[in-house]
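**Student:** Build me a model:
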Amino acid sequence: MKASEVNNFFGDMDLFLMDLILKEKIPQNAQVLDVGCGEGRNGIYFIQNGYEYTGIDTDESKLRLVEYLSRSITPAKARFKTQDLLQADSSKQYDFIICSRVLHFAESSAQFLKMWEKLKSLLRVGGGIYVSMDSVVDTQIGKPLAEGKHEFPDTKTRFVLTEALYEVMKKGFEEIEPLRTWVQHNERAQSFLILRKV
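**Tutor:** Numbers count the residues shown, from 1 in each chain. The predicted structure is shown next:
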């Protein structure tokens, strides 16, 4: 397969999410929730491959774009909703949740834990969750501020994952893959969590 064919197949997807697909860790019949789906960077693969896909985002213009793209895919089983994570209906549960670069928008540890509890309520037992977020796990990049936030050399302030917070998040879960942290030299660090609800 040529590089252009790989890009057409997976799009601009997170590499660790692509790794899960290649390792067949996401069942073909999974109901997928993409929190903060934006323009569909991580969702296009699932839409193209017949997953029952729900994308939520607070940015209506980005949702309109991914909805437009999904209409060109037959048969697309995709739904989109302009919605904040905390407003999502917990009566609907999913087999797999994508939450890429959303949780670092938490304003405090308390808000972060509310967001995490909401994600847990949306996930079926046995279901998987993929999370990527800014992090200080295995790195000292950035300057600590109050309420779990850090200021990074890229001049942005974001809520971060810590080792202690990861231990809290793992309660009621098992690791599908070990926690990974990626460091962009002198700018920021990002961790990738891949967990299964037990």
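**Student:** which one's the longest helix in this structure?
**Tutor:** Counting by DSSP state H, the longest helix found in the chain is helix 109-122.
**Student:** after it, next one along is what?
**Tutor:** strand 123-134 (DSSP states H and E).
**Student:** quick check: angle from that next one to helix 109-122?
**Tutor:** Counting by axes from the mean of the first three to the mean of the last three Cα atoms, to 10 degrees, strand 123-134 lies at 140 degrees to helix 109-122.
**Student:** I'd like to check what contacts strand 123-134. Which residues are they?
**Tutor:** Applying Cβ atoms under 8 Å, 6 or more residues apart in numbering, the contact partners of strand 123-134 are 14, 16-17, 20, 25-26, 30, 93-104, 119, 150, 152, 158-161, 173, 176, 188-198. Every residue, glycine included, has its C-beta placed from N, CA and C.
**Student:** Check which strands are paired with that strand and give the direction for each one.
**Tutor:** Strand 123-134 has these partner strands in its sheet, going by DSSP bridges: strand 94-100 (parallel), strand 188-197 (antiparallel).
**Student:** Tell me where the chain is predicted with low confidence.
**Tutor:** In the predicted model, the chain carries pLDDT under 70 at residues 1, 4, 6-8, 74-75.
**Student:** So which residues of it form helices?
**Tutor:** Assigned by DSSP H, the helices in the chain fall at 3-10, 15-22, 44-48, 60-71, 109-122, 163-169.
**Student:** Which residues does the last one contact?
**Tutor:** The one in question is helix 163-169. The set of residues external to helix 163-169 that reach it, using Cβ under 8 Å, 6+ apart, is 109, 112-113, 116, 137, 148, 179, 191, 193, 195.
**Student:** Mind giving me the ChimeraX command for buried ones among these?
**Tutor:** Buried members of those, identified by 16 or more other Cβ atoms under 10 Å, are gathered into one ChimeraX selection as follows:
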select :109,112,116,137,148,179,191,193,195
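**Student:** Mind putting the contacts of helix 163-169 into CSV with distance to E39?
**Tutor:** Conversion of the contacts of helix 163-169 to CSV gives the following (distance: Cβ to Cβ, whole Å):
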residue, distance to E39
S109, 30
F112, 25
L113, 29
W116, 25
V137, 28
G148, 28
L179, 27
S191, 23
L193, 23
L195, 26
